[in-house]
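J.: Just to be clear, the model below is a prediction. Sequence and coordinates:
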Amino acid sequence: MDLVYIEDLRVETVIGIYDWERQVRQVVTLDLQMGVDILPAAETDDIEHALNYKAVSDRLITFIEGSEFLLLEAMAEQVAEILQDEFGVRWLRLKLGKPGAVPQAKTVGVQIERGERF
């Protein structure tokens, strides 16, 4: 299995359980690893045979900016569904962070892994 990754994608959204969090936009960060076979893209040198990380990034930015969640867990699950359903990603690892949520920490968040490694 090969990996296509996106690191430190930053998106502003409404996220949180407290009233004040529902009134402001906050930054969430995504580190994403997606298991794919890159051989067809490598052999053809054609983007049509690759997992287009720009298209993935654009889709996730649009989705997250337009969404409101109470919990990172719910956001993570929906991001995973988009990747699997729309981009055919068979395996992924997503680290979703909320910088500033705990002042003493650089960031806090969740990390999920979905699908089966091939």
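T.: Yep, it's here.

J.: For the nearest residue to Gly115 once chain neighbours are set aside, name its beta-bridge partners.
T.: Nearest non-adjacent residue to Gly115, counting by CB to CB, 6 or more residues apart in numbering: Trp91, 3.8 Å away. (Glycine included, C-beta is placed from N, CA and C.) Judged by DSSP bridges, the bridge partners of Trp91 are Gly35, Gly115.

J.: wait, isn't Trp91 in contact with Gly35?
T.: Yes - counting by CB atoms under 8 Å, Trp91 does reach Gly35; the two are 3.5 Å apart.

J.: Just the endpoints, please. Distance across stretch 57-71?
T.: One end of stretch 57-71 sits 21 Å from the other (CA to CA, to the nearest Å).

J.: How about residues contacting that stretch?
T.: Contacting residues not belonging to stretch 57-71 are listed as 6, 9, 11-17, 22, 28, 30, 75, 78-79, 82, 86-87 [CB atoms under 8 Å, 6 or more residues apart in numbering].

J.: Could you tell me which of these belong to strands?
T.: Cross-referencing these against strands under DSSP state E gives Ile6, Leu9, Val11, Glu12, Thr13, Val14, Ile15, Val28, Leu30.

J.: Please report how far Glu65 lies from Arg114.
T.: 22 Å (CB to CB, to the nearest Å).

J.: Repeat that for Lys95.
T.: Going from Lys95 to Arg114 by CB to CB gives 13 Å.

J.: again with Ala50
T.: 21 Å.

J.: now do Gln23
T.: 32 Å.

J.: Of these two, give the one with the bigger neighbour count.
T.: Comparing Gln23 with Arg114 by neighbour count (other CB atoms under 10 Å), the higher total belongs to Arg114, at 17 against 9.

J.: List buried residues within the ones in strands among the contacts of stretch 57-71.
T.: Neighbour counting by 16 or more other CB atoms under 10 Å classes Ile6, Leu9, Val11, Thr13, Val14, Ile15, Val28, Leu30 among the ones in strands among the contacts of stretch 57-71 as buried.

J.: export those residues to a markdown table and tack on pLDDT?
T.: Output for these, formatted as a markdown table (pLDDT from 0 to 100):
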| residue | pLDDT |
| --- | --- |
| Ile6 | 98 |
| Leu9 | 98 |
| Val11 | 98 |
| Thr13 | 98 |
| Val14 | 98 |
| Ile15 | 97 |
| Val28 | 98 |
| Leu30 | 98 |
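
J.: That'll do, ta.
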